[in-house]
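Colleague: Here you go, sequence then predicted model.
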Amino acid sequence: MSDSTQVFIFKKLARDQLVAIGMLLGFALYTVWDQFFWWGAREDYSFGYLVPFFAIYVIYDRWPVIRSYLQHSEAPEALAPPTAPVATGLTQLFEWIAYAVFLAGLSLFAIGALLRSVTGPQNPASLAIAAGFAGLLLSVVFIMTKERVDGQSLSLRSRLMLTGLFLFPALIWLISAPMVSVVEKEIRVFLLTKVTIVVFNIFDIIGYAIEREGNVLLLPEGQVGVEEACSGIRSLTACLFAGSFLAAVFLDRFWKKVLLVVAAMGFAVLTNLMRSLFLTLWAYNYGSQAIDAHWVLPLVGDIGSVHDVTGFAILGFTCVGLILLLPIFNFSLQDLDDSAEAPPVFSEDE
């Protein structure tokens, strides 16, 4: 294989494609600058510092496939077998949709940037900027890949597959940006109520003396208030980010990626419920003030309060659980058949 096939040279791109790449980089830098405020101001969005690096890594990891599309009109043979050509009318329809998405994304980005410059950092502005950048990135990739680097046309399927490779770098900014306050409050209240009800019912079923008043659980040794930090929305956003990254890098089918993201959200809710049960049991046995007491280990020292330590622990358990799911998602019956059909290997002594 020649060097020109192994290494993609940007000089082969058309001038308008290079201009488009420069424009997208500018929009990306502005998006990072806007969200940088939230990553430092809100602890539940501190994972955002990893988003730019993970987005770059995903593009780097998929670069051989991207290069293959731009040079040969298709991905490697194992990923994209050749298909029949698509009608020109359908291609034109998708192009019009892409132009509409581009205009919508540009409008959203401009509105968000205007709000950001007038009122300073605010949730709606950051969300508009993130949504605008997602639309711009996906639409520009589709629009600017009509031709390969040698001037030949790309099929509609190739353009759609190529655009799909940028879904994670485009949409991940919607997770690292804070939600609109009204929506976030509704989710918090919903999760708080459900967590409180489930914890109360479990303790009541197993025979513990407990009463419930709203989001407050009345115990014999005091009371435990299920506050916003215990709603699980922090772990939900962080686990959603972790699940999205793992799905983008390690899974090769779209339905598997969606299923892993759903599993990440389910794990976040389940582990947060387990944490609430543990904290309530801890308060039941040692008093409500024990939740804020600090754990001191002999060799490590103060590792934080019981409340905070369990919060970080559930994030770790969820990430480990998602990693353990990856071999299951990647399991294939074909692999089992191949191993069964493989001939036995004998040594010379046998």
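Modeller: Happy to help now that I have it.
Colleague: For Ser153, see how far away Tyr49 is.
Modeller: Relative to Ser153, Tyr49 is positioned 41 Å away (CB to CB, to the nearest Å). To be clear about C-beta, it is placed using only N, CA and C from the backbone, and glycine gets the same treatment.
Colleague: what ranges of this structure fall below the confidence cut-off?
Modeller: By pLDDT under 70, the low-scoring segments of the chain are 1-11, 72-87, 149-150, 225-232, 293-304, 332-350.
Colleague: Okay, helices next: where are they in it?
Modeller: 3-6, 15-41, 51-61, 63-72, 88-119, 123-143, 156-164, 167-171, 173-176, 181-205, 233-250, 254-286, 306-329, 333-341 (DSSP state H).
Colleague: how deep is Phe168 tucked in, by neighbour count?
Modeller: Number of residues near Phe168 (other CB atoms under 10 Å) recorded here: 21.
Colleague: Look up how far Val65 lies from it.
Modeller: Taken as CB to CB, the span from Phe168 to Val65 is 13 Å.
Colleague: Not counting sequence-adjacent ones, nearest residue to Asp16?
Modeller: The shortest distance from Asp16 to any residue other than its chain neighbours is 6.9 Å, reached at Met144 (CB to CB, 6 or more residues apart in numbering).
Colleague: so the one you found touches Leu18, yeah?
Modeller: No - the pair Met144 / Leu18 is not scored as a contact, 9.7 Å apart, by CB atoms under 8 Å.
Colleague: The two: who's more crowded?
Modeller: Per other CB under 10 Å, whichever of Met144 and Leu18 has more neighbours is Met144, with 19 against 13.
Colleague: for that one, what are its contacts?
Modeller: Asp16, Gln17, Ala20 (CB atoms under 8 Å, 6 or more residues apart in numbering).
Colleague: any idea how far Phe250 is from Asp61?
Modeller: Distance from Phe250 to Asp61, by CB to CB: 10 Å.
Colleague: Out of these two, name the residue with the larger neighbour count.
Modeller: The neighbour comparison of Phe250 against Asp61 (other CB under 10 Å) goes to Phe250, with 18 against 14.
Colleague: Contacts only, for the closest residue in space to that one that isn't next to it in sequence.
Modeller: Nearest non-adjacent residue to Phe250, counting by CB to CB, 6+ apart: Leu326, 5.1 Å away. By CB under 8 Å, 6+ apart, Leu326 lies in contact with Leu246, Phe250, Leu251, Leu260.
Colleague: which of the residues in stretch 262-277 are buried?
Modeller: Neighbour-count burial for stretch 262-277 flags Ala263, Ala264, Met265, Phe267, Ala268, Val269, Thr271, Asn272, Leu273, Arg275, Ser276 (criterion: 16 or more other CB atoms under 10 Å).
Colleague: what's the closest of these to Thr310?
Modeller: Comparing the buried residues of stretch 262-277 against Thr310 with CB to CB places Arg275 closest, at 4.9 Å.
Colleague: Assess the claim that the closest one and Val309 are in contact.
Modeller: No - counting by CB under 8 Å, Arg275 does not reach Val309; the two are 10.1 Å apart.
Colleague: Can you give the domain ranges for this protein?
Modeller: Domain segmentation of the chain under automatic domain parsing yields 3-176, 181-330.
Colleague: chain center to the last one: distance?
Modeller: Taking the mean of its C-alpha atoms, domain 181-330 sits 18 Å from the chain's own mean (CA atoms, centre = their mean, to the nearest Å).
Colleague: What is the end-to-end distance of it?
Modeller: Taking CA to CA, to the nearest Å, domain 181-330 runs 38 Å from one end to the other.
Colleague: re earlier: let me have the contacts of Leu326 in CSV, extended by distance to Phe133.
Modeller: Below are those laid out as CSV (distance: CB to CB, whole Å):
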residue, distance to Phe133
Leu246, 22
Phe250, 25
Leu251, 24
Leu260, 24
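Colleague: And these, which two are furthest apart?
Modeller: By the measure CB to CB, Phe250 and Leu260 form the most distant pair in these, at 8.6 Å.
Colleague: one step back: for the residue nearest to Asp16, give its distance to Leu13.
Modeller: From Met144 to Leu13 the distance is 9 Å (CB to CB).
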